[in-house]
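A.B. asks: Here you go, sequence then predicted model.
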Protein chains: 2
Amino acid sequence: MNNQDEQRLEECYCPAQKALSILGGKWTLSIIRELSSGTKRFGQLQKSLKGISPKTLSARLQELEKQAIVTKEIYLEVPPRVEYSLTTKGESLKKILLDLVKWGTENLRSED
Amino acid sequence: MNNQDEQRLEECYCPAQKALSILGGKWTLSIIRELSSGTKRFGQLQKSLKGISPKTLSARLQELEKQAIVTKEIYLEVPPRVEYSLTTKGESLKKILLDLVKWGTENLRSED
DNA sequence: CGGTATCCTGGCTGATACTG
DNA sequence: CAGTATCAGCCAGGATACCG
């Protein structure tokens, strides 16, 4: 790591903090993973993510949508149909997440 | 992103989840930032991180030490002196964090 | 089907006092 | 100085019921 990087590391952690606060939600990573394999409906997500409550799923999706990581498509049908998918910005997250997977795998104790 | 990466993304998010749970602590990033500029004592950290309680600082340091991200050096003196510093593993985190800073800066809404 | 409203709980954190 | 002990508060998340 060069001095330029070192400098930036010292001064600007806020965006990283915010990114962590968003990605750190209990189900956020799982939601992104589900959507990374393609568009899914609310019910499909709820079914895949066994154990998540509709309230939490809704909250996380709204947060991800606000950050433009996920888009929501509403079809005016009966019964209603709503589809969620990753945006380009969401796709750009994958690289970071893969780095995190790699680092975690190499460096974290799996116990406890 | 190639197919190999995509595959890994689908299957192994657990380490990323764990990494996020560790890094996501309210003060964790700040502690790492403080230590990235060099070895510091408990009191120094407490003073730099204005507002952190000794209980929380102790808890986060113990967690980081358990993951070997931080090392603790105890000097048997009166008054006691204890120094904390980043390990090589801790240093290796900087790259990930810089990527996170970069991604967050480019992609996250700063409002709300 | 796709949510929202309500109530409730556990865990992280803060404040503060105390100890080796 | 470097923590631990204790008590209290907040908030993400869980369970469940209900609505357009």
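C.D. replies: Thanks, I have the structure now.

A.B. asks: just the helices in chain A please.
C.D. replies: With DSSP state H as the criterion, chain A has helices at A:3-11, A:14-23, A:28-36, A:42-48, A:54-66, A:88-107.

A.B. asks: I'd say A:L93 and A:I32 touch.
C.D. replies: Yes. Counting by Cβ atoms under 8 Å, A:L93 does reach A:I32; the two are 6.6 Å apart. Any C-beta I mention is one placed from the backbone N, CA and C, and that applies to glycine too.

A.B. asks: still on that earlier bit, how about TSV for the helices of chain A, with distance to DNA strand C and mean pLDDT added?
C.D. replies: Listed next are these as TSV, based on distance: least, Cβ to the nearest atom of the strand, whole Å; pLDDT from 0 to 100:
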stretch	distance to DNA strand C	mean pLDDT
helix A:3-11	21	42
helix A:14-23	10	94
helix A:28-36	12	96
helix A:42-48	3	98
helix A:54-66	3	98
helix A:88-107	16	94
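
A.B. asks: Any chance of CSV for these, columns distance to B:P15?
C.D. replies: Output for these, formatted as CSV (distance: least, Cβ to Cβ, whole Å):
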stretch, distance to B:P15
helix A:3-11, 22
helix A:14-23, 14
helix A:28-36, 11
helix A:42-48, 20
helix A:54-66, 20
helix A:88-107, 3
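
A.B. asks: any chance of those helices in JSON lines, plus mean neighbour count?
C.D. replies: Listed next are the helices of chain A as JSON lines, based on neighbours: other Cβ atoms under 10 Å in any protein chain shown:
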{"stretch": "helix A:3-11", "mean neighbour count": "12"}
{"stretch": "helix A:14-23", "mean neighbour count": "20"}
{"stretch": "helix A:28-36", "mean neighbour count": "21"}
{"stretch": "helix A:42-48", "mean neighbour count": "15"}
{"stretch": "helix A:54-66", "mean neighbour count": "16"}
{"stretch": "helix A:88-107", "mean neighbour count": "18"}
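
A.B. asks: and the ones you listed as a markdown table, adding distance to DNA strand D?
C.D. replies: Converted to a markdown table, these look like this (distance: least, Cβ to the nearest atom of the strand, whole Å):
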| stretch | distance to DNA strand D |
| --- | --- |
| helix A:3-11 | 22 |
| helix A:14-23 | 9 |
| helix A:28-36 | 7 |
| helix A:42-48 | 10 |
| helix A:54-66 | 4 |
| helix A:88-107 | 17 |
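
A.B. asks: Out of those helices, which is closest to B:L100?
C.D. replies: Closest of these to B:L100 is helix A:14-23, at 4.2 Å (criterion: Cβ to Cβ).

A.B. asks: what's the overlap in contacts for A:L93 and A:I32?
C.D. replies: With contacts taken as Cβ atoms under 8 Å, 6 or more residues apart in numbering or on different chains, A:L93 and A:I32 have A:I69 as neighbours in common.

A.B. asks: so who does A:A59 touch?
C.D. replies: Per Cβ under 8 Å, 6+ apart, neighbours of A:A59: none.
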